[in-house]
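K.L.:
Quick one, what's the 3D model for this:
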Amino acid sequence: MRIFVAIDIDDNLRAAITALQADLRSQLNPTSGRIKWVDPDLMHLTLKFIGEVEQNNIDRISEAVASAAVQHKSFSFEIPTLGCFGRPIKVIWLGTETENQQLLQLHQDIEDALESAGWPKEKKSFSPHLTLARLKDVPSDRSLKGIIKKYKLVDSAIVKACSVRIYESVLTPTGPIYSALSETKLK
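P.N.:
Prediction:
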């Protein structure tokens, strides 16, 4: 099973992302490469990608994540910044350039709990974001970066962290299918 730990987003943020994606699409040249837009209904903020695990490890993972998450209170944070990863650009994302201590502590506590349960910590630093699109064969970064720079801040980009879920991800030719395996409510 391929699994990850995430915070879900609400319908208000999904609606704002749908409008943002439509606006971005209207500005991009149709010949600017292959762009796969992420369905807002599938979006989540990943706290930890665990990867392939055996079915018999799910309970141990769920217990570790729950033991860390249950110590945290619900909180909200903004992700108002549009940005991109990669050279050439591979991902367009919505995130933040400022650190939210509650989010960072939740992430760190989950990493620590999973490490104690036998799963290694992530080597890369945590970069909280929502992936809006994945790009392939983009001929010019300059025009895309110019479009992205027009969006200084995105309104209504607030994530309400009320629970943490563990999802199974099944990759299919038409896109991923996510199934919630467990959920831990924050205080």
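
K.L.:
and the residue nearest in space to the middle of the chain, what are its bridge partners?
P.N.:
Central residue of the chain (CA atoms, centre = their mean): residue 45, 3.1 Å from the mean position. On the basis of DSSP bridges, residue 45 takes part in beta bridges with residue 7.

K.L.:
Would you mind measuring from it to residue 59?
P.N.:
The gap separating residue 45 from residue 59 is 24 Å, by CB to CB, to the nearest Å. In short, each C-beta sits where N, CA and C put it, glycine included.

K.L.:
check contacts around residue 175.
P.N.:
Applying CB atoms under 8 Å, 6 or more residues apart in numbering, we find residue 175 in contact with 39, 42.

K.L.:
mind redoing it with 10 Å?
P.N.:
36, 38-39, 42 (CB atoms under 10 Å, 6 or more residues apart in numbering).

K.L.:
do residue 41 as well
P.N.:
Applying CB under 10 Å, 6+ apart, the residues near residue 41 are 9, 11, 14, 17-18, 178.

K.L.:
what about stretch 169-179, start to end distance?
P.N.:
End-to-end distance of stretch 169-179: 7 Å, with CA to CA, to the nearest Å as the criterion.

K.L.:
So which bits of that stretch are buried?
P.N.:
169, 178 (16 or more other CB atoms under 10 Å).

K.L.:
can you check stretch 7-24 too?
P.N.:
Buried residues in stretch 7-24 (16+ other CB under 10 Å): 7-9, 13-14, 16-17, 20-21, 24.

K.L.:
So which of the residues you listed sit within strands?
P.N.:
Here DSSP state E is the test, and the buried residues of stretch 7-24 give 7-8 as lying in strands.

K.L.:
out of the buried residues of stretch 7-24, which one sits closest to residue 118?
P.N.:
residue 7 (23.3 Å; CB to CB).

K.L.:
Hmm, the closest one is touching residue 45, no?
P.N.:
Yes: counting by CB atoms under 10 Å, residue 7 touches residue 45, with 4.5 Å between them.

K.L.:
Now do the shared contacts for these two.
P.N.:
Shared contacts of residue 7 and residue 45, defined by CB under 10 Å, 6+ apart, are found at 77, 103, 107, 128, 159, 161.

K.L.:
Tell me the pLDDT of residue 146.
P.N.:
For residue 146, the model assigns a pLDDT of 81.
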